[in-house]
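[1] the following comprises the amino acid sequence and a computationally predicted model.
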Amino acid sequence: MTTTAAIIVAAGRGTRARGAGEVPKQYQQLAGEPVLAYSARLFTGHPQIAVTVVVYNPEDAALYEQATAGFRSRLAAPVNGGATRQESVRAGLEALAAAGTSPDHVLIHDAARPFSTAPLVSDLIAALAEWPGAIAAEPVSDTLKRASGDGTITRTVDREGLWRAQTPQAFRFADILAAHRRAASEGRTDFTDDAGLAEWVGLPVKLVCSGTQNMKLTTPSDLVLAERLLASQSSAFEPRHGTGFDVHRFAPGDHVWLCGVAIPHTQRLEGHSDADVGLHALTDALLGAIGDGDIGQHFPPSDERWRGAASRIFLEDAADRVRKRGGRIVNVDVTFLCEAPKIGPHRTAMRAAVGEALGIGPERVGIKATTMEGLGFIGRGEGIAAMASASVLLPA
Ligand code: MG
């Protein structure tokens, strides 16, 4: 099977979009999320991308951790970038090669382009069946002028056959790695994109129309424009809401699984899987939001495959179902009903685990608990119940 990797280049200092002391543009907030999170979500959620690595500036480590909190388990360890974009890309390629299992294909993408789409990624990968390289691009539609030093027009440039090169740029991995190594050994450091390197070594590169919204954030006004673009897109989505509920009884044991965290306890919860009552309620909430049955329908307890299974599998499947509909998870919320164990000390770990499974930041995950004041089966300590809700945006 052909394997494809993605490199997200996020090492730049982005001086043009940045005032003194401000964060680099790839970490600035765009509709409540860091810009880098958009491309991290795109590649880690794409079924044809096996591994995604971000090339960053280690000075931005804290910003990186925050921006990728929802995708960390699907990302390879970040790679330190170089002084130029070209060096940063080579660092990413070398890291993939050093991992021992070089991919067949690689997509190279600038973090500052948050609006690339899954169909575009698929089109680029498909083009590699025929061409050694394929890049996202748009034909130039404006009339082009050549200017003199004083800003007056010296002539009109024929735009026929002119394209604006964008990212992602896709290549057969061995070809682009060899091109980068050769450029480095010959002291060439002036390539501003990878298609330029491919051209230099004589690799044919196919232009793939990206759709006009694949904009690059360069100046502060680009961020404003991008916010407006997202606002206009969000009117094409409708909010959906789902709820879930689950109960598991206690049995002899020494720990319970609750929202992806193993908590030492005097008993365990009984069930076919790991009996993670919180993740079961949450899985049903997500399935409810998209009207796609329930956990028992997709993962029947009669199926031996799910004996002792980590319930994270069920939750990730529900998140995939949202993604396959072109949807986006806005937030989720879980309430445990139990006398013990105490949930509070594990809340941070649970929010991180759920966020990672869903590909959202922990700030979008609520974890709460209440006792039942000693009333009923929960009050008697016979089991734990969990309620959950989920909000999702689906294409209208
Ligand atoms: Mg259950």
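    Structure received.
[2] domains in this structure, as residue ranges please.
    Here the domain parsing of the chain from automatic domain parsing is 4-218, 237-395.
[3] residue at max distance from the center of the chain?
    The C-alpha centroid of the chain is most remote from Thr154, which lies 45.8 Å away (C-alpha atoms, centre = their mean).
[4] quick check: which element contains it?
    strand 153-157 (DSSP states H and E).
[5] name the strands paired with the next helix or strand after that strand and say parallel or antiparallel.
    Next in sequence after strand 153-157, counting helices and strands by DSSP H and E, comes strand 163-172. The partner list of strand 163-172 in its sheet, established with DSSP bridges, is strand 105-110 (antiparallel), strand 133-139 (antiparallel).
[6] who does Ile8 form a beta bridge with?
    Assigned bridge partners for Ile8, using DSSP bridges, are Val54, His109.
[7] contacting residues for it?
    36, 39-40, 43, 52-55, 109-111 (C-beta atoms under 8 Å, 6 or more residues apart in numbering). Quick note: C-beta positions are derived from backbone N, CA and C, even for glycine.
[8] local confidence estimate at it?
    As predicted, Ile8 sits at a pLDDT of 98.
[9] same thing with the one 3 residues further on?
    Among the per-residue scores, Ala11 holds a pLDDT of 93.
[10] so it touches Pro58, yeah?
    No: using C-beta atoms under 8 Å, Ala11 is not in contact with Pro58; the gap is 9.3 Å.
[11] between those two, who's got more neighbours?
    Ala11 (29 against 11; other C-beta atoms under 10 Å).
[12] now the more buried one: closest residue in space that isn't a chain neighbour?
    Gly81 (2.5 Å; C-beta to C-beta, 6 or more residues apart in numbering).
[13] quick one: the one you found from the ion, how far?
    To the ion, Gly81 is 45 Å away according to C-beta to the ion, to the nearest Å.
[14] and that residue, how many neighbours does it have?
    24.
[15] let me see the contact set for it.
    Counting by C-beta under 8 Å, 6+ apart, Gly81 has contacts 9-12, 55-57, 87-88, 91.
[16] need the pLDDT of the closest residue to the ion within the stretch 51-200 of the chain.
    Across the stretch 51-200 of the chain, no residue is closer to the ion than Ser73, which sits at 22.9 Å (C-beta to the ion). As predicted, Ser73 sits at a pLDDT of 81.
[17] helix, strand or coil for it?
    Judged by DSSP: H, G, I helix; E, B strand; the rest coil, the three-state class of Ser73 is helix.
[18] which ones are touching it?
    For Ser73, the contact set (C-beta under 8 Å, 6+ apart) comprises 356-357.
[19] and it, how far is that from Gly133?
    Using C-beta to C-beta, to the nearest Å, Ser73 is found at 31 Å from Gly133.
[20] again with Asp274
    45 Å.
[21] and Arg181, what element?
    Under the criterion of DSSP H and E, Arg181 resides in helix 173-185.
[22] against which helices or strands is that helix packed?
    Using 3 or more C-beta pairs under 8 Å, 6 or more residues apart in numbering; DSSP states H and E as the contact test, the elements touching helix 173-185 are helix 85-98, strand 105-110, helix 194-200.
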